[in-house]
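Q: Sequence and predicted structure are below.
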Amino acid sequence: MSTAAPSAAPIVALTEAAKHFGPVRALDGVSLSISPGDCLGLVGHNGAGKSTLVNVVNGGLAPTSGSVAFPASGGTTALAAGVRSVFQELSLCPNLTVAENLRISHSALKGMNWRGPARVEIRAALDQVFPGNGIDADAPVDTLTIAERQMVEIAIGFAPRGTEAKLVILDEPTSSLDAGIAEQLLAHIKRFCADGGAVIFISHMLGEIFEVATRILVMKDGKVVAEKPAGGFTRQGLVDAMGHVAAEGAAAQAARVQGAEVVHTPEGLRAREGEIVGLSGLAGHGQAEALARLYLGATSSWRSPREAGLVFVAGDRGRDGVLPLWSILRNASISILPQIARRGMVDRTRETEIIAEWKKRIGIRTDDVTNPILSLSGGNQQKVLFARALASAAPVVVMDDPMRGVDVGTKQDVYAMIRAEAAKGRTFLWYSTETEEVCQCDRVFVFRNGEISAELTGDEITEERILEASFEMEGA
Amino acid sequence: MKLFAKYRILLPVVSLAVLLAATFYMQPRAMSYFGLNLLFNLAVPIALATIAQMMIIMVNDIDLSLGAFVSLVACVTATFLNDSPMLGVLILLALVLCYAALGAVIHALDLPAIVVTLGMSFVWGGLALFILPSPGGASPGWLRALMTVKPPYIPMAVCASVIIAVVTHLLIIRSGIGTVLRGVGGNDRSVQRAGWPVVRLKALAYGLAGLFGVFAGMALVGLTTSADANIALRYTLLSIAGVILGGGEFTGGKVSPVGAVIGALTLTLAASFLSFLRLSPDWQIGAQGAILILVLTARLLFTRRDAQA
């Protein structure tokens, strides 16, 4: 691993930086310095303060106390110091083209003829990070897939933009990318750091952290609990430091008695009562669309019954998950309102009781469920969405990559809950971009180009078989 | 037919062409220099007002005070600008700055634009009545001359529409700052993170809206030669309809200046077309609404089908 000369001034230096939101200490005195050539892996479970730390470093939030300095550039702003951020929630302007999105963050492009240079720069950046991507610089962003958008956002982060990127912060950059593309990104990060750049890499995929990071920082409850060179950690040690005991190796699948077929779509998607059915394949090959068709067809047509028997857990929380203006309680209870209504009026007492119980069962980290939903971290918002779905009586649960950006501990909790609910006779349809999750299913449909290319059951569900079915014919 | 999804401007163009063809079929004499000018000259202020509305819709807001604002501008133009030009220009400038300030306030205090502008419409309306309690005033001579100029071959109304479309296209679609303004409508947080002061951008968008609103009021007085406090009240809804007809969306910063001008022309033409049909004036407003719904339905069907394809 390359390390810069010790004399090089750090790009960013935090001294006892703290950030409080009211009584919540999101960041509780963190000192940190990042020098050219560093690739800092940042891990911690949801709500550990990673996002706050990132926002303090990139100037999005001013620290309540302590200081942030940029010694290498001598400037006072993160922007001038060449600090760039690529955020977990996709933050491009969907109405603009790829090249126009570069213009937003590239103030050196001036005059009427900025389009040509913008096109050239974004193409060069895309080709550098993701060779062979084929994204059109003039395509409006809303016509791209989520993976393509994420690629554009990463490319904009690394693009020169008139100055030079010194420190690029990547917050869960690979969560919507498939394995091949993620590999390209990791390779680029290594090149970038070897050339004297620095990266803060946040990921819940520990394999990726170990692959690229030179140093690993573990956060918990707003504090840094461990900081060592990457070689100083083992996978288990890292998980322990985060404060969760993850079960290594999925528990053996208990054979379950499965009932009648409850889902059968024209394209061949089938599920039995009490079954966990996985949808796999490369990201963006029609899995989410298949689930959306199934779900909307059953619930949102004119003549659909009042109780459709399906509930949906969104993966894209901002787009089709949370109701941003509502409280945690209202967000969770919306699925059960008709069942607990008395003469058409909501029964507030029962609503509160039921949600309080689910808060305990799922472990939503909040003091008060009447707080706004946006006061929660991403992973906890996702737990609320799970509570919303599981609290209803619907026998079929449709999940559209719900574990995007959720930490290891929460994942284990949710896996256990899904298995328990399935044992009670619920059916789960689960699209996931993570092979590890798909391997927990009873049956897996692999999608390729919008169609089912393979159906795997029992022992056939292995990473090799899934990859085989995803990639077959792709080379032709 | 993916054409309509790829080229959003196509449907407004087709709607205008169909309506124009129908008008010429009903009344062949309209197919002349003089006829075209007569058909479209009232479209010029509507086109300017539509562009003003588009600036607001571009940043995800909506302006319900535009009609009252244009009326107020018309009253100022027909009185102060005619009697003491210096004072008139100052007042109009102050009105543009008011709009910019409104944008800044709406953003800074996170107020709903629909409520603020609805409230402001009464302020503008009151001021207009204060200035011109009864219809009257006179158009400044130069303004009258500008609006009745007879360029060779192409009528003024068509010329003006093309100029408005080209200038605003360059400003909003081609220029860097226009791109950033559309970015505010698309995702203001991303624009903010890139280091742009969103409050100033919003003020700029509102200021531009105020500027085009002022142009609309002046153009209207140039055509009608006098003003009235209620002269342009219907512009509020016409301008919103024009933006949407032209392929714009209420949210997400998806707007098209060329489309907005075409939308304004279509709306004006729809009114004339109904007169040529000898439809009773009682039915005309309803029929105009029906045409609007028809075009919007067509657009929805095409885009939805293309989205599935």
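A: Looks like it arrived, so ask away.
Q: Near chain A, which residues of the stretch 151-300 of chain B are found?
A: B:170, B:174-176, B:179-180, B:182-183, B:185-187, B:189-191, B:193-196, B:252-254 (CB under 8 Å from any CB of the partner chain). (Each C-beta comes from the backbone N, C-alpha and C, glycine too.)
Q: what's the burial count for the closest residue to residue B:85 other than its chain neighbours?
A: Leaving aside its chain neighbours, residue B:85 sits nearest to residue B:140 (7.1 Å; criterion: CB to CB, 6 or more residues apart in numbering or on different chains). Neighbour count for residue B:140, taken as other CB atoms under 10 Å in any protein chain shown: 18.
Q: what's the spacing between residue B:140 and residue B:88?
A: For residue B:140, the distance to residue B:88 equals 8 Å [CB to CB, to the nearest Å].
Q: Look up the residues that both of these two are in contact with.
A: B:77, B:81-82 (CB atoms under 8 Å, 6 or more residues apart in numbering or on different chains).
Q: and these as a markdown table, adding pLDDT, neighbour count and distance to residue B:48?
A: Formatted as a markdown table, the shared contacts of residue B:140 and residue B:88 follow (pLDDT from 0 to 100; neighbours: other CB atoms under 10 Å in any protein chain shown; distance: CB to CB, whole Å):
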| residue | pLDDT | neighbour count | distance to residue B:48 |
| --- | --- | --- | --- |
| B:77 | 95 | 26 | 13 |
| B:81 | 93 | 25 | 16 |
| B:82 | 91 | 18 | 20 |
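Q: Counting only strands, which of the residues of the stretch 151-300 of chain B next to chain A make the cut?
A: In strands, judged by DSSP state E, none of those are found.
Q: one step back: assess the claim that the residue nearest to residue B:85 and residue B:82 are in contact.
A: Yes - Residue B:140 is within contact range of residue B:82, at 4.8 Å (criterion: CB atoms under 8 Å).
Q: My reading is that residue B:149 lies in a helix. Confirm?
A: No - counting by DSSP: H, G, I helix; E, B strand; the rest coil, residue B:149 is not part of a helix but coil.
Q: What about residue A:274, how many residues nearby?
A: Count around residue A:274 with other CB under 10 Å applied: 21.
Q: Next: residue A:206.
A: 19.
Q: try residue B:263
A: Residue B:263 has 31 nearby residues by other CB under 10 Å.
Q: With residue A:377 instead?
A: Residues near residue A:377, counting by other CB under 10 Å, number 21.
Q: Residue B:107 now?
A: Counted with other CB under 10 Å, residue B:107 comes out at 22.
Q: same question, the one 5 residues further on
A: The local packing of residue B:112 (other CB under 10 Å) involves 11 other residues.
Q: Dump the shared contacts of residue B:140 and residue B:88 to a markdown table, plus distance to chain A and secondary structure.
A: Converted to a markdown table, these look like this (distance: CB to the nearest CB, whole Å; DSSP: H, G, I helix; E, B strand; the rest coil):
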| residue | distance to chain A | secondary structure |
| --- | --- | --- |
| B:77 | 32 | helix |
| B:81 | 33 | helix |
| B:82 | 37 | helix |
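Q: Closest one to residue A:380 out of those, please.
A: residue B:77 (57.6 Å; CB to CB).
Q: which ones are touching that closest one?
A: Applying CB under 8 Å, 6+ apart, the residues near residue B:77 are B:88, B:92, B:137, B:139-140, B:143, B:217-218, B:221, B:227.
Q: What about those residues, which are in strands?
A: Among these, no member falls in strands (DSSP E).
Q: can I get these in JSON lines with pLDDT?
A: As requested, the contacts of residue B:77 are arranged in JSON lines below (pLDDT from 0 to 100):
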{"residue": "B:88", "pLDDT": "95"}
{"residue": "B:92", "pLDDT": "96"}
{"residue": "B:137", "pLDDT": "91"}
{"residue": "B:139", "pLDDT": "93"}
{"residue": "B:140", "pLDDT": "93"}
{"residue": "B:143", "pLDDT": "93"}
{"residue": "B:217", "pLDDT": "96"}
{"residue": "B:218", "pLDDT": "96"}
{"residue": "B:221", "pLDDT": "95"}
{"residue": "B:227", "pLDDT": "93"}
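Q: who wins for neighbours among the residues you listed?
A: residue B:217 (31 neighbours).
Q: rewinding a little: can you say which of the residues of the stretch 151-300 of chain B next to chain A are buried?
A: Listed as buried from these are B:176, B:179-180, B:182-183, B:185-187, B:190-191, B:193-194, B:196, B:252-254; burial here means 16 or more other CB atoms under 10 Å in any protein chain shown.
Q: same for the strand or helix carrying residue A:444, what does it pack against?
A: In the assignment (DSSP states H and E), residue A:444 maps to strand A:443-448. Secondary-structure packing of strand A:443-448 (3 or more CB pairs under 8 Å, 6 or more residues apart in numbering or on different chains; DSSP states H and E): strand A:276-280, strand A:451-457, helix A:463-471.
Q: Before I go, just wanted to say thanks for your time.
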